[in-house]
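Peer 1: After the sequence you'll find the predicted model.
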Amino acid sequence: MQPPTPRVDPRLPGYLLEPLTGGWSGETFLATPSPGAGGGDRLVVRFFADARHAPDAARVQAALLDRVRDVVPVPTVREVHDGEGVLPGLLVTELLPGERGDLVLARLVAEHRGVGRREDGRREGGPREAGRRAEDDLRSLGRALGRAAGTLAATPMPRTGLFAGADLRIEPFGLWLPDWVDTHAPGLVEAGWSDGEVAGLRKVAERAAVDLEGAAPCLVHSDLNPKNVLVDAATLQITGVLDWEFAHAGHPATDLGNLLRFDREPAYAEGVLHGWSAAAAAATVADGRHRHRVVRLARSADLVALVELAARAETNPVVRQARAHLRAIARTGDAGAAP
């Protein structure tokens, strides 16, 4: 069990820490100046307390944010601290404006389906007109997110691997999807999978591995979904891409697969694909303009994350969704299947 993360930290005098909503790790906090502390900015504090984190994880994250700030919008780093005794490493960044993308997306989906009302009062013209506006907004939001993923896909890396150290050297790793399934099979069985379901998933992984071969490596966020993106609710433009913990050098379709994993509203998905294709053209395979091929690559690349999520011992809403989707994939033999 990881040690409890403190609500006050001696390295941040004058600040009180409150958990930020939206994350499942319990490691991200809003730092607010204590009453009587003389003011100061509100900040975001990320602790690196879990055993999965390398000793220099906070410095790696800081270096990544510095590396990508000319590519996508990210927060400015204020402080970095290595772990000290019982205190975990931590990263302090500015608090960016904007609303979590998953909340914006959910609101637009509700409006499009006629069960919500825009907070800005844009309802004139009746429900049908409001639904059309929401559909247009879904495409706009999708395009903004797709452009971010495509921009990363167009950022080449010299090799596939994990970032290590403050110099962001790349430590190569080899991952073949069928072996990845085999490695995580015990966790799937523990979660209630049958041997037949595991075998079905492995067959899907074998086909996906062939599809993914030969792509030039690029910069991958690897957790790029609306929950980790801040959005200006009025313009639907991205104000910040957050949580780079799983960033690596990998396949150009990985982030696209994440964006399309659970959120499949047609207008949104259309916008994501349009934005990604426009931004990632230089990094796409020869026939990457064809929608079916691009989506198939995205679903194949996303299997890596789905398998890891579904095999985890802990349970949270994302893990439950991953298990449901992966089981549908195993049953149907289709990497794009949904429950």
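Peer 2: Yep, it's here.
Peer 1: and stretch 75-94, what's its mean pLDDT?
Peer 2: Stretch 75-94 comes out with an average pLDDT of 92.
Peer 1: residues of it that come out buried?
Peer 2: Buried residues in stretch 75-94, defined by neighbour count with 16 or more other CB atoms under 10 Å: 75, 77-78, 80-81, 83, 87-93. Every C-beta, even on glycine, is put in place using the N, C-alpha and C of the backbone.
Peer 1: Format those as JSON lines; extra columns: distance to residue 44.
Peer 2: Output for the buried residues of stretch 75-94, formatted as JSON lines (distance: CB to CB, whole Å):
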{"residue": "75", "distance to residue 44": "7"}
{"residue": "77", "distance to residue 44": "10"}
{"residue": "78", "distance to residue 44": "9"}
{"residue": "80", "distance to residue 44": "13"}
{"residue": "81", "distance to residue 44": "14"}
{"residue": "83", "distance to residue 44": "19"}
{"residue": "87", "distance to residue 44": "18"}
{"residue": "88", "distance to residue 44": "15"}
{"residue": "89", "distance to residue 44": "15"}
{"residue": "90", "distance to residue 44": "11"}
{"residue": "91", "distance to residue 44": "9"}
{"residue": "92", "distance to residue 44": "7"}
{"residue": "93", "distance to residue 44": "5"}
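Peer 1: just curious, which of these is nearest to residue 299?
Peer 2: residue 75 (30.8 Å; CB to CB).
Peer 1: Go ahead and confirm the closest one touches residue 65.
Peer 2: Yes: using CB atoms under 8 Å, residue 75 is in contact with residue 65, at 6.8 Å.
Peer 1: Overlap in contacts, these two.
Peer 2: residue 93 (CB atoms under 8 Å, 6 or more residues apart in numbering).
Peer 1: Can you show me the strands along the stretch 1-150 of the chain?
Peer 2: 15-19, 28-33, 43-48, 77-81, 89-94, 99-100 (DSSP state E, counting those that start in this stretch).
Peer 1: Output those strands as JSON lines; include the columns distance to residue 174.
Peer 2: Converted to JSON lines, the strands of the stretch 1-150 of the chain look like this (distance: least, CB to CB, whole Å):
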{"stretch": "strand 15-19", "distance to residue 174": "37"}
{"stretch": "strand 28-33", "distance to residue 174": "31"}
{"stretch": "strand 43-48", "distance to residue 174": "26"}
{"stretch": "strand 77-81", "distance to residue 174": "31"}
{"stretch": "strand 89-94", "distance to residue 174": "28"}
{"stretch": "strand 99-100", "distance to residue 174": "35"}
